[in-house]
Each structure stands twice: as structure tokens, then as C-alpha cells.
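# Fold the following, please.
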Amino acid sequence: MLKNTYSIKKIDLQNIASDLQSLKAGDMVLISGIAYTARDAAHKRFLQQLKAGEDLPIDIKNATVYYAGPTNKPENAVIGSCGPTTSGRMDEFTPTLLDRGLKIMIGKGQRSSEVIESVKKNKALYFAAIGGAGALASECIISSKIVAYEDLGCEAVRRIEFKDFPAILILDTDGNNFYEDVNI
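Okay, the predicted model is just below:
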């Protein structure tokens with residue numbers, strides 16, 4: 001059984017490549033750096049573009065995707081409420097993106113056995129963010145810009161920058177699963 005030590009690690013998404021394997025399921029983290037929001041509608045388009053032989057609108061290699069669809073931003077805010085959405089809705093698309101270099105996913109909830117195997121095979125990570133706290137999560141986003149699929153509204157792909165965004169590592173590069181393996 002894995003055991004969480006309850007220490008919080010700070011990670012920088014732009015410098016995490018060498019640290020991927022040092023992070024273990026159950027690690028609590030504060031995430032800073034660039035990520036992309038993308039939900040199921042955007043993921044469906046990603047796969048359509050790949051099947052058509054087209055490049056994706058973002059560089060997916062070593063990228064971080066946050067499964068979120070922010071609400072309209074209030075005046076004087078960077079972004080609206082931006083909590084995680086259920087990650088399982090992206091499971092049918094995820095192995096293909098992981099095979100193309102996606103390294104980190106942030107969402108909420110369980111992942112399919114296919115995604116777990118793909119995370120392990122591709123030495124990727126899956127973090128869970130706090131569900132139901134979208135307004136609080138938005139306070140950890142310091143910049144936001146739509147970069148693709150503006151017609152999808154809240155499901156458009158945005159380039160965001162996190163500053164100390166809290167999350168828990170659910171699936172590590174060895175395939176350890178916090179939901180199943182960690183004894184708290």
C-alpha cells in the first residue's frame with residue numbers, strides 16, 4: 001500500500017519533465033505554469049483533426065490539459081469560475097493524445113482501465129482538482145486566452161497560466177492509482 005505523507009510539493013509545468021517519475025500517487029501539489037483547457041467537445045475535434053491528417057491547434061507534446069470549461073468572466077477578472085469537469089468523459093480520446101505526447105491531465109474522478117494503462121505506457125500523470133470549487137480554482141489562474149474552437153463557447157480551448165493551483169496526483173507514471181492504492 002502507498003501512504004501519503006501529507007507534504008505539499010510545488011511543481012512548475014514548464015520544468016516538470018525530469019520530475020515526472022519522482023511524483024507518486026497521493027502527492028499533494030501546487031501547480032504553476034501553462035496548461036490548456038479542453039473538454040469533450042474539444043477532444044472530439046482534436047481526434048477529427050488527427051484522423052484528417054491535420055495538425056492540432058496546440059502543441060500537445062509535453063502539454064498539460066485541464067478538463068474545464070470556464071464560465072463567462074466577471075468584470076476585472078482573468079477568467080470565470082473554472083472548476084474541473086469529470087475526466088471520464090475524455091477517456092475515449094485520451095489514449096490517442098497520450099500516444100502523441102500529452103503528459104499531464106487535470107480533472108476529477110476515476111479513469112478507465114484503458115486510460116490507466118496508457119498513462120503507464122506513456123509515463124504521464126493524472127491529477128485531480130477539487131470539484132465544486134470553480135470560483136476558488138479561478139483565483140489560481142493568472143492568465144487566460146482562447147487559442148482554438150472559439151465557437152464552442154465555454155468549451156473553447158484556452159491557454160491558461162496557473163499559479164499555485166492545488167491538486168492531488170491520482171495516476172503516476174508507474175500506474176499507481178490513488179483511488180485504489182493509497183491507504184490514508
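# Going by C-alpha atoms from here, please, whenever you check contacts or count neighbours.
Will do.
# Contacts only, for the nearest residue to K24 once chain neighbours are set aside.
Closest residue in space to K24, ignoring its immediate chain neighbours: D172 at 5.4 Å, by Cα to Cα, 6 or more residues apart in numbering. By Cα atoms under 8 Å, 6 or more residues apart in numbering, the contact set of D172 is Q21, L23, K24, A25, V119, K120, K123, A124, L125, Y126.
# What about these, which are in strands?
L125, Y126 (DSSP state E).
# Now the buried members of the contacts of D172.
L23, K24, A25, V119, K120, K123, A124, L125, Y126 (16 or more other Cα atoms under 10 Å).
# Between these, which sits nearest T37?
Y126 (14.4 Å; Cα to Cα).
# Wait, that closest one touches A167, no?
No - between Y126 and A167 there is no contact under Cα atoms under 8 Å: 9.8 Å.
# Leaving out chain neighbours, which residue sits closest to E155?
G69 (4.9 Å).
# For that neighbour, give me phi and psi.
As for G69, its main-chain torsions (degrees, to the nearest 10) stand at phi -130, psi 90.
# which SS state does K61 fall under?
coil (DSSP: H, G, I helix; E, B strand; the rest coil).
# who's in contact with the closest residue to it other than its chain neighbours?
Leaving aside its sequence neighbours, K61 sits nearest to G101 (Cα to Cα, 6+ apart; 4.1 Å). Residues near G101 by Cα under 8 Å, 6+ apart: I60, K61, N62, A63, N122.
# The helix or strand of the chain with the lowest mean pLDDT: which residues count as buried?
Least confident helix or strand of the chain, by mean pLDDT, DSSP states H and E, is helix 134-138 with a mean of 85. By neighbour count with 16+ other Cα under 10 Å, helix 134-138 contains the buried residues G134, A137, S138.
# hang on, R89 packs against D40?
Yes - using Cα under 8 Å, R89 is in contact with D40, at 6.2 Å.
# what about the two, which has more around it?
A count of neighbours by other Cα atoms under 10 Å puts D40 above the other of R89 and D40, at 21 against 16.
# ok, that one - contacts?
R89, M90, E155.
# repeat for Y149
A42, E155, A156, V157.
# hmm, 7 Å instead?
A156, V157 (Cα atoms under 7 Å, 6 or more residues apart in numbering).
# And I170, by the same measure?
By Cα under 7 Å, 6+ apart, the neighbours of I170 are A25, G26, Y126, F127, A128, N177, F178, Y179.
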